[in-house]
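okay, sequence plus prediction incoming.
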Amino acid sequence: MTSIRTLLNNSCASASCHGGASPMQGLSLTSADSYTNLFDVNAMELPSMKRVRAFRPDSSYVVHKIQGTQTTVGGSGVRMPEGCTGASCLSNTNINLIRNWILQGAANN
């Protein structure tokens, strides 16, 4: 099974987005930084919501961003990965992997 860190690193940590020297929204998803920058940290676009909240995918802003439902919870911006449409967005399978990881407590893997 693909680790969540690998999935996010491969899908979201490009130099122009959440990788490189100046990651967007202060969120680096490079392998070394991804967990620390995601888990139990307030989302910049919606500080009242955690980026990842253990056991609560629907209360985790990152889930809303990858599903494109961020505005339904008071957030803003575009669906992630940035600018994705159709097949360039994360697949439902990968979104469910992230949701299940959070449901299981969001272990550092």
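That came through, no problem.

all contacts plus neighbour counts: C-alpha atoms, from now on.
Noted.

low pLDDT regions in the protein?
Residue ranges of the chain with pLDDT under 70: 1-2, 9, 11-26, 28-31, 33, 109.

please redo it, this time with the cut-off set to 50
For the chain, the stretches with pLDDT under 50 are 1.

helices along that one, start to end?
Ranges of helices in the chain, per DSSP state H, are 4-12, 34-38, 61-67, 92-103.

so which residue is dead centre in the chain?
Val62 (3.6 Å; C-alpha atoms, centre = their mean).

how about that one, nearest residue that isn't a chain neighbour?
Excluding the flanking residues, the one nearest Val62 by C-alpha to C-alpha, 6 or more residues apart in numbering is Arg51, at 5.3 Å.

list the contacts of that neighbour.
If you count contacts by C-alpha atoms under 8 Å, 6 or more residues apart in numbering, Arg51 has them with 38-43, 60-62.

what is the burial count for Ala54?
Ala54 is flanked by 18 other residues according to other C-alpha atoms under 10 Å.

tell me the contacts of it?
Contacts of Ala54 (C-alpha under 8 Å, 6+ apart): 39-40, 102-106.

before we move on, what about Arg79?
Residues near Arg79 by C-alpha under 8 Å, 6+ apart: 65-70.

thank you kindly, that will do.
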